[in-house]
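>>> build me a model from this:
(one chain, ligands or ions: 1)
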Amino acid sequence: TKNVRVPVSNRNDELAELIDMFNDMLDRMQRYIEQQSQFVSDVSHELRTPVAIIQGHLDMLERWGKDDPQVLSDSLKASLIETKRMKNLVQEMLDLSRAEQVEINYRNEKTVVNDVVHQVFNNFKMLYPEFTFNLDDDLDEKITVNIYRDHLEQVLVILCDNAVKYSQDRKEIHITLSRGMNTVEIGIQDFGEGIAPEDAKRVFDRFYRVDKARSRKKGGNGLGLSIAKRLIEGYHGSISLESSPGAGSLFKIVLPIIEDPESLE
Ligand code: ADP
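Predicted coordinates for the structure are as follows:
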């Protein structure tokens, strides 16, 4: 698609500022539209296969179905399977478009980061015994942040799920917990396929997937990271990615610390 923009004049006043803001809005709208149409084209592509298979079986049924009971039963069975698959796909699309409209209810809660991280770590260790999970906890005290506990958990689960999904032969995941000046930092690192620099900018976009077919097979829809980002930024934190293709990815969450939680009582 062509870039729509208001030409920037070389003036330096309120009008110029307004034009900048306007262009910024246009950029964002355009990106949104591109994401949507990417999604529609991915979905259409996926629906094409089951439709083609069903059509093939209907052809067979029309030609031989009446005389050959084997064809009749095989083709009906295969068509049913594909129909179910289509039904699931359509349901998933509906869920997604609904999920997209949902507003996040940010809730203030004093959450002890250490506890949440340890809990998610233990859950994943149990869920994926074939993986080695490492927790490197540098904190020597409990650290409290202002985030609804379920939201922090949700973000950690999204990142750990991805680490598992996109690990290859080396089934190893490192979680780190450390503190900065006024922040606490959680790192989730895998040693899988990694993300190329040109994709790294976009993986936090809605519906963006580096490898559509592969992500789909692993149950991906390209929403996880965009949700994680929305959640963390809503609590004045940030989420970032360091990655090199082939070597793995490191996702980092940074959240501001509440230094004196008691004083807020
Ligand atoms: P998905 O449901 O497809 O995993 P996400 O929004 O969680 O959606 O991630 C977007 C894309 O970013 C994924 O499809 C994948 O290509 C890439 N990605 C996310 N996490 C990792 C990771 N740990 N290693 C490599 N690629 C990743």
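>>> please make it C-alpha for all contacts and neighbour counts, starting now.
Will do.
>>> surely V155 is within a helix?
Yes. The assignment for V155 (DSSP: H, G, I helix; E, B strand; the rest coil) places it in a helix.
>>> what number of residues lie near the closest residue to it other than its chain neighbours?
In space, and not counting its chain neighbours, V155 is closest to A228: 5.0 Å by C-alpha to C-alpha, 6 or more residues apart in numbering. Using other C-alpha atoms under 10 Å, A228 is surrounded by 23 other residues.
>>> which helix or strand contains A228?
Per DSSP states H and E, A228 falls inside helix 224-234.
>>> for the very next helix or strand once past that helix, packing partners?
Next helix or strand after helix 224-234 toward the C-terminus (DSSP H and E): strand 238-244. Under the contact criterion of 3 or more C-alpha pairs under 8 Å, 6 or more residues apart in numbering; DSSP states H and E, strand 238-244 touches helix 197-200, helix 224-234, strand 248-258.
>>> from what I see, the residue nearest to V155 and E153 are in contact.
No. The pair A228 / E153 is not scored as a contact, 10.2 Å apart, by C-alpha atoms under 8 Å.
>>> let me know whether L156 touches V120 as I believe.
Yes. Counting by C-alpha under 8 Å, L156 touches V120, with 7.1 Å between them.
>>> for this protein, list the residues in contact with the ligand, please.
Within the chain, the positions adjacent to the ligand are 162-163, 166, 193-195, 203, 208-211, 215, 220-226, 249 by C-alpha under 6 Å from any ligand atom.
>>> rerun at 5 Å
Taking C-alpha under 5 Å from any ligand atom as the criterion, the chain approaches the ligand at residues 162-163, 166, 194, 203, 209-210, 215, 220-225.
>>> same list (those) but as JSON lines, adding pLDDT, distance to R98 and secondary structure.
As requested, these are exported to JSON lines (pLDDT from 0 to 100; distance: C-alpha to C-alpha, whole Å; DSSP: H, G, I helix; E, B strand; the rest coil):
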{"residue": "N162", "pLDDT": "95", "distance to R98": "22", "secondary structure": "helix"}
{"residue": "A163", "pLDDT": "96", "distance to R98": "26", "secondary structure": "helix"}
{"residue": "Y166", "pLDDT": "93", "distance to R98": "26", "secondary structure": "coil"}
{"residue": "G194", "pLDDT": "94", "distance to R98": "30", "secondary structure": "coil"}
{"residue": "V203", "pLDDT": "92", "distance to R98": "21", "secondary structure": "coil"}
{"residue": "R209", "pLDDT": "82", "distance to R98": "19", "secondary structure": "coil"}
{"residue": "V210", "pLDDT": "85", "distance to R98": "23", "secondary structure": "coil"}
{"residue": "S215", "pLDDT": "59", "distance to R98": "21", "secondary structure": "helix"}
{"residue": "G220", "pLDDT": "70", "distance to R98": "17", "secondary structure": "coil"}
{"residue": "N221", "pLDDT": "72", "distance to R98": "14", "secondary structure": "coil"}
{"residue": "G222", "pLDDT": "79", "distance to R98": "15", "secondary structure": "coil"}
{"residue": "L223", "pLDDT": "80", "distance to R98": "12", "secondary structure": "coil"}
{"residue": "G224", "pLDDT": "88", "distance to R98": "15", "secondary structure": "helix"}
{"residue": "L225", "pLDDT": "92", "distance to R98": "17", "secondary structure": "helix"}
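>>> all good on my end, thank you.
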